[in-house]
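1. Fold the stuff below for me.
(one chain, ligands or ions: 2)
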Amino acid sequence: MFDSFGRKINYVRVSVTDRCDLRCKYCMPTSNPFFFKKKDILSLNELQLISDQLILLGIKKIRITGGEPLIRKDIIQYFKFLSLKLSQNKIDEVLLTSNGTQLKKYAKNLADFGIKRINVSLDSLIEQKFNFITNGGNLSNVIDGIFLAKSNNIKIKINTVLLKNFNEDEIISLMKWCGKNNFTLSFIEVMPVGEISYSRSKQYLPVTKAKEIIKKEFKLEKSELKSSGPSKYYFCKKLNLNVGFISPISEHFCLTCNRIRITSNGFIYPCLGDNNSVDLKPFLRSGKSKELFNTLESVIYKKPERHFFNINEKSYIKKRYMNTTGG
Ligand code: SAM
Ligand code: SF4
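-> Ligands and ions are numbered 1, 2, ... in the order given. I've put the predicted structure just below:
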């Protein structure tokens, strides 16, 4: 369906849990993070009901995200349900964004259920730095999981959040590593979603800075690659690498946004950079599927024209962190 600005909305990101086995320092508070009450988390049945209604409204792409989606206990049943929708041609693609910690366990299942592409978040290729930024993550476990997914014919895209004074010195090595392994790579600007202990402007490294660093080493050409997401791709011939840049702060891409988000506690967010959301649980839990459909339709129609992220504020979005909506 189309929103009131004429954008075709055909892509949903479903956060299936707000819990995570890592604590990335830019994503959520490292101590005492807030999590939804268990009773508010959607059941598998409720996730399926929402998915069905969204498919009726024209959603063709479903990205599963979190928190860490692969730590949800019944996640494989949800993938099974979605793979049925794929086989019935009701949707075009099921995608996953993961921190990779559970890929060793699930790569084969995911491939069996028709997952062809996975985004894995990786902000450093140096064990100690990875452990620091994720607050305890084990890099070699993640790398092993990535290669297991690759050997199951799943295409890998690495997502790296650009962080000032943390990983600008790894931009080139990440590119070389991705080129060598036939992965795609996207660099993302940090967003002021959720208040953390230090200022977002101190973390912020614009994609223009990353491009400057890259252009000292490599030429970037126009890429044929177009994704349904926000990455603008370039091709690095020397590395045979498609490298994307996601610039929510320095150059917003709201004009072409085709996405909505569902959180694990059953809220729909028509825009990641906006506080407005609508609780779908009352309709889900009283079996009012017509009301559920009408609400989804009306929220999608009223999707805001754009976000107004301001990196100079400690947090533009105050009451929510990225583990609520997923990336
Ligand atoms: N746990 C999974 C993962 O890390 O891929 C999925 C959820 S995570 C919230 C999704 C993406 O959001 C990751 O690529 C992560 O790096 C990114 N992210 C988290 N907080 C962010 C922030 N404040 N600004 C920009 N990206 C952020
Ligand atoms: Fe967890 Fe992903 Fe947030 Fe890191 S970015 S804390 S892995 S949800």
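2. Check for me that L84 belongs to a helix.
-> Yes: in this structure, L84 lies within a helix as judged by DSSP: H, G, I helix; E, B strand; the rest coil.
3. Following the chain onward from the helix or strand of the chain with the lowest mean pLDDT, which element is next?
-> In the chain, no helix or strand scores lower on mean pLDDT, DSSP states H and E than helix 200-203, which sits at a mean of 90. Sequence-wise, the next helix or strand downstream of helix 200-203 (DSSP states H and E) is helix 207-217.
4. What lies in contact with the helix or strand that that next one is followed by?
-> In the C-terminal direction, the helix or strand that comes right after helix 207-217 (DSSP H and E) is strand 221-222. Applying C-beta atoms under 8 Å, 6 or more residues apart in numbering, the contact partners of strand 221-222 are 234-237. Placement of C-beta: from N, CA and C, glycine included.
5. List buried residues within these.
-> Judged by neighbour count, with 16 or more other C-beta atoms under 10 Å as the criterion, the buried members of the contacts of strand 221-222 are 234-236.
6. The stretch 1-150 of the chain: strands as residue ranges?
-> With DSSP state E, counting those that start in this stretch as the criterion, the stretch 1-150 of the chain has strands at 11-15, 61-65, 93-98, 117-121.
7. C27 is in contact with Y321, isn't it?
-> Yes: the pair C27 and Y321 qualifies as a contact (C-beta atoms under 8 Å) at a distance of 6.3 Å.
8. which residues do those two both contact?
-> With C-beta under 8 Å, 6+ apart, C27 and Y321 have common neighbours G194.
9. the more surrounded of the two?
-> The residue with more neighbours, out of C27 and Y321, is C27; 25 against 20, by other C-beta atoms under 10 Å.
10. Find the nearest non-adjacent residue to the more buried one, please.
-> Setting aside the residues directly before and after it, C27 is nearest to M322 in space (C-beta to C-beta, 6 or more residues apart in numbering), at 4.9 Å.
11. do the same with L47
-> Leaving aside its chain neighbours, L47 sits nearest to Y78 (5.8 Å; criterion: C-beta to C-beta, 6+ apart).
12. In contact with F35, which residues are there?
-> 18-19.
13. let's go with 10 Å and repeat that
-> For F35, the contact set (C-beta atoms under 10 Å, 6 or more residues apart in numbering) comprises 17-20, 28, 41, 67, 264-265, 323-324.
14. per-residue pLDDT, it?
-> Looking at F35, its pLDDT stands at 96.
15. do the same with S315
-> The score at S315 is 64. That number is its pLDDT.
16. Run a quick neighbour tally on the closest residue to S173 other than its chain neighbours.
-> Take S173 and drop its neighbours on the chain: the residue closest to it by C-beta to C-beta, 6+ apart is L125, 6.0 Å away. Close neighbours of L125, defined as other C-beta under 10 Å, add up to 18.
17. ok, back up a step: can the strands of the stretch 1-150 of the chain go into a markdown table with extra columns for mean neighbour count and distance to V190?
-> A markdown table is the format used below for those (neighbours: other C-beta atoms under 10 Å; distance: least, C-beta to C-beta, whole Å):
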| stretch | mean neighbour count | distance to V190 |
| --- | --- | --- |
| strand 11-15 | 24 | 18 |
| strand 61-65 | 23 | 17 |
| strand 93-98 | 21 | 16 |
| strand 117-121 | 21 | 12 |
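18. Adding distance to S87 and mean pLDDT, write these out as CSV.
-> As requested, the strands of the stretch 1-150 of the chain are exported to CSV (distance: least, C-beta to C-beta, whole Å; pLDDT from 0 to 100):
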stretch, distance to S87, mean pLDDT
strand 11-15, 19, 98
strand 61-65, 14, 97
strand 93-98, 11, 97
strand 117-121, 17, 97
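19. and N131, which of the ones you listed is closest to it?
-> Of all the strands of the stretch 1-150 of the chain, strand 117-121 sits nearest to N131, with 14.6 Å by C-beta to C-beta.
20. Which strands or helices does the lengthiest strand in the chain pack on?
-> What stands out as the longest strand in the chain, according to DSSP state E, is strand 155-162. Counting contacts by 3 or more C-beta pairs under 10 Å, 6 or more residues apart in numbering; DSSP states H and E, the secondary-structure elements packed against strand 155-162 are strand 93-98, strand 117-121, helix 139-151, helix 171-181, strand 184-189, helix 207-217, strand 241-246.
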